[in-house]
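**Q** Next one to model:
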Amino acid sequence: MKSASQWPRGLDANGGPSHASVTRTINFGSGAIMKFDVLIVGAGHSGAQAALSLRQLGFEGSIGLLGEEQAPPYERPPLSKDYLAGARTADSLALRPPALWQDRQITLIPGERVIALDP
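**A** Numbers count the residues shown, from 1 in each chain. Next comes the predicted model:
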């Protein structure tokens, strides 16, 4: 089996079409439209790690990471323990430095909620 870095864009490990070959389109209420090869809904720890893992495995397509909260992905357990107790600052809760998302060409889409999917 080929490693992910050897897969041509749009093909899976067996040479068949991958889900990445279909563009995901986001239509915002304002009329704005964004398109991604991969759109991850949920900008928590799992969603953030999924986006980073795609890049680590050599995925070259566009990645969008959509979340309802205004903040970039952050550590949730310390929020309720350390931050509220005053032991950590809000900035220290970030999962990754803000520049990392841009460096990895992962588009953060904060403050948006998915209300419908059209497969």
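**Q** quick one: low-confidence parts of this structure?
**A** 1-23, 78-79, 119 (pLDDT under 70).
**Q** those helices in this protein, which residues are they?
**A** For the chain, the helices defined by DSSP state H cover 45-56, 76-78, 98-103.
**Q** looking at those helices, which is closest to E68?
**A** helix 45-56 (11.3 Å; Cβ to Cβ). C-betas here are computed from N, CA, C, even on glycine.
**Q** L117 and G29, how far apart?
**A** Remark: distance between L117 and G29 (Cβ to Cβ, to the nearest Å) = 16 Å.
**Q** same thing with A85?
**A** Taken as Cβ to Cβ, the span from A85 to G29 is 38 Å.
**Q** Check S53 too.
**A** The gap separating S53 from G29 is 31 Å, by Cβ to Cβ.
**Q** With P73 instead?
**A** P73 sits 23 Å away from G29, going by Cβ to Cβ.
**Q** For the two, work out which one has more neighbours and name it.
**A** More crowded of P73 and G29, by other Cβ atoms under 10 Å: P73, with 26 against 7.
**Q** quick one: that one from L52, how far?
**A** 10 Å.
**Q** L39 - how many residues pack around it?
**A** 19.
**Q** Same check on G44?
**A** 15.
**Q** Please name the residues that touch it.
**A** G67, P73, R76 (Cβ atoms under 8 Å, 6 or more residues apart in numbering).
**Q** and of these, the nearest to I106?
**A** P73 (10.0 Å).
**Q** Spit out the contact partners of the closest one.
**A** Taking Cβ under 8 Å, 6+ apart, one finds A43, G44, H45, G47, A48, L65, G67, A94, L95, R96, L108 in contact with P73.
**Q** Repeat the analysis, applying 7 Å as the threshold.
**A** Contact analysis of P73 by Cβ atoms under 7 Å, 6 or more residues apart in numbering lists A43, G44, H45, A48, L95.
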